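>>> just a sequence and a predicted model for now, questions to come.
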Amino acid sequence: MTGAPPLATPLVSVIVAARNSAATLPACLAALHAQDYPRLEIIVVDDGSTDDTAAVADAGGARVVRSPAVGASVARNLGLEVARGEIAAFTDGDCVPDPSWARALVDGLVTSGATGVGGRQVNVFPAAQQAQRDGFEAFFRAASIVSDYTRGDDRPRQVQHNASCCSAYRIEPLRAVGGFAPGLWPGEDVDLDLRLAATGATFYYVPGAVVHHHRPGTLTWFRRMMRRYGEAERRLVRRHGRRRAVDFVPVVVATVLILQGLLVIPVARGPLVALDAVLVCGALGLLWSTTPVRLWPSVIVFGLTALWEWHVGWWTAREEPA
């Protein structure tokens, strides 16, 4: 813990970076206006939208910052520049926070003394994709052992990272490190937390802070998302080195695949078969501990798809522009 002094009832600046979010933004803003926390300012940064996002934000009672298309990182930083609060909270234009979201985040900062806190996401799929939702959620629960991206449990605790769509920070440390890194997306929230951690900052998980995150829910969307995550993780490793469990996944997978080639050597077959049995048992144990048996086929499909697309993204990630 940082030992930071408690905040009484601080003003919270909620920053929503939005691009072409006219369809989902009204629900987001209505939920923010319905918060049970008494001191909020709502800032929507229109990130070069070609629809009515800015007009919807203005009609929804938000303070609107208009910008050309600059990306989520710079858009959030533009919101930080005009924010008046002692705390900056972040969510996305396709998220709907629970009524107690802001209060839970502030209480988490106060009680933990952390620099940043985050909550949990509940994914919302279109009706046509609803059948895939349980499998998708189960996949992320199983994958969280290495990804540290989503959490669904009720145990508050110190963590290394919180997703930006459901997070809050003491604003001065955030400004001191320059906010989010321009041009980095996705992974900009991981990069921010790594840079803050280098200054001694700590982070906390607050399960009572919940956002309902609208997702397309199609397999095409899932594949693209996984490929983008792989690209982002490679860029993060270039910036920070291997700092998280997920950064070692390519090494582990490559090692396992290379070892399979040794099966042609008779003396190596016994140890390799034993190793493969251990890996299979470990995978089954993870499924057993995180996933109902009825969802195993979905999780296996999602898992194999994610593993392939993530690695394609990792190995094809371009260098960041100078």
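Here it is on my side, so go on. Numbers count the residues shown, from 1 in each chain.
>>> ok, now how distant is the residue sitting nearest the centre point of the chain from Pro186?
Nearest to the mean C-alpha position of the chain, by Cα atoms, centre = their mean, lies Ala163 at 3.1 Å. Separation of Ala163 from Pro186 (Cβ to Cβ, to the nearest Å): 10 Å. Where you see a C-beta, it was placed from the backbone N, CA and C, and this is true even at glycine.
>>> the lengthiest strand in the chain pairs with which strands?
As assigned by DSSP state E, the longest strand anywhere in the chain is strand 203-214. According to DSSP bridges, strand 203-214 forms sheet pairs with strand 95-97 (antiparallel), strand 116-124 (parallel), strand 157-159 (antiparallel).
>>> right, and these - which one's nearest Arg228?
Closest to Arg228 of those, according to Cβ to Cβ: strand 116-124, at 16.8 Å.
>>> in CSV, could you pull the C-alpha coordinates for the closest one?
These are the backbone C-alpha positions of strand 116-124, laid out as CSV (Å, rounded to 0.1, in the frame of the first residue of the first chain):
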residue,chain,number,x,y,z
GLY,A,116,-5.4,3.0,-8.8
VAL,A,117,-8.3,0.7,-8.4
GLY,A,118,-10.5,-1.3,-10.8
GLY,A,119,-13.6,-3.4,-10.8
ARG,A,120,-15.1,-6.2,-12.9
GLN,A,121,-16.7,-6.4,-16.3
VAL,A,122,-19.9,-8.2,-17.1
ASN,A,123,-20.0,-8.8,-20.8
VAL,A,124,-23.3,-8.1,-22.6
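>>> next one: that strand to chain centre, how far?
Centre-to-centre, strand 116-124 and its host chain are 8 Å apart (Cα atoms, centre = their mean, to the nearest Å).
>>> with stretch 207-222 instead?
Centroid separation for stretch 207-222 versus its chain: 10 Å, with Cα atoms, centre = their mean.
>>> with only the CA atoms kept, save it in CSV.
Provided in CSV are the C-alpha atoms of stretch 207-222 (Å, rounded to 0.1, in the frame of the first residue of the first chain):
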residue,chain,number,x,y,z
PRO,A,207,-15.3,-6.3,-6.9
GLY,A,208,-18.2,-4.0,-6.1
ALA,A,209,-17.3,-1.6,-9.0
VAL,A,210,-19.1,-3.3,-11.9
VAL,A,211,-19.6,-2.2,-15.6
HIS,A,212,-21.7,-4.0,-18.1
HIS,A,213,-19.6,-4.1,-21.3
HIS,A,214,-21.4,-4.4,-24.6
ARG,A,215,-19.6,-6.8,-27.0
PRO,A,216,-20.3,-7.8,-30.6
GLY,A,217,-19.9,-11.4,-29.6
THR,A,218,-19.0,-12.9,-33.0
LEU,A,219,-16.2,-15.2,-33.7
THR,A,220,-14.7,-12.7,-36.1
TRP,A,221,-14.7,-10.0,-33.4
PHE,A,222,-13.1,-12.5,-30.9
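>>> that stretch - what's its average pLDDT?
Averaging pLDDT along stretch 207-222 gives 89.
>>> again with stretch 302-312
Mean pLDDT, stretch 302-312: 93.
>>> and for stretch 163-179?
Stretch 163-179 carries an average pLDDT of 95.
>>> when you give positions from now on, start the count at 47
Okay, residue one is now 47; in that scheme the one you just asked about reads as stretch 209-225.
>>> which parts of it are buried?
For stretch 209-225, the neighbour count (16 or more other Cβ atoms under 10 Å) marks 209-217, 219-220, 225 as buried.
>>> Gly117: what's it in contact with?
Applying Cβ atoms under 8 Å, 6 or more residues apart in numbering, we find Gly117 in contact with 93, 228-229, 231.
>>> can you pick the most crowded of those residues?
Neighbour counts for the contacts of Gly117, by other Cβ atoms under 10 Å, peak at Asp93, which reaches 25 neighbours.
>>> backbone phi and psi for that residue, please?
Backbone torsions for Asp93, taken as degrees, to the nearest 10, come to phi -90, psi 70.
>>> show me what it bridges to in the sheet.
Beta-bridge pairing of Asp93 under DSSP bridges involves Ser113.
>>> separation between it and Phe186?
26 Å.
>>> before we move on, which element is Arg274 in?
Using DSSP states H and E, Arg274 maps to helix 265-286.
>>> for Asp322, same thing?
For Asp322, the host element (DSSP H and E) is helix 312-336.
>>> buried sites along the helix or strand that that helix is followed by?
Downstream of helix 312-336, the next assigned helix or strand under DSSP H and E is helix 342-362. Buried positions in helix 342-362, judged by neighbour count with 16+ other Cβ under 10 Å: 344-346, 348-349, 352, 355-357, 359-360.
>>> packing partners of whichever strand or helix holds Ala148?
For Ala148, the host element (DSSP H and E) is helix 147-158. Packing partners of helix 147-158 (3 or more Cβ pairs under 8 Å, 6 or more residues apart in numbering; DSSP states H and E): strand 58-64, strand 133-138, strand 162-170, strand 213-216, strand 249-260.
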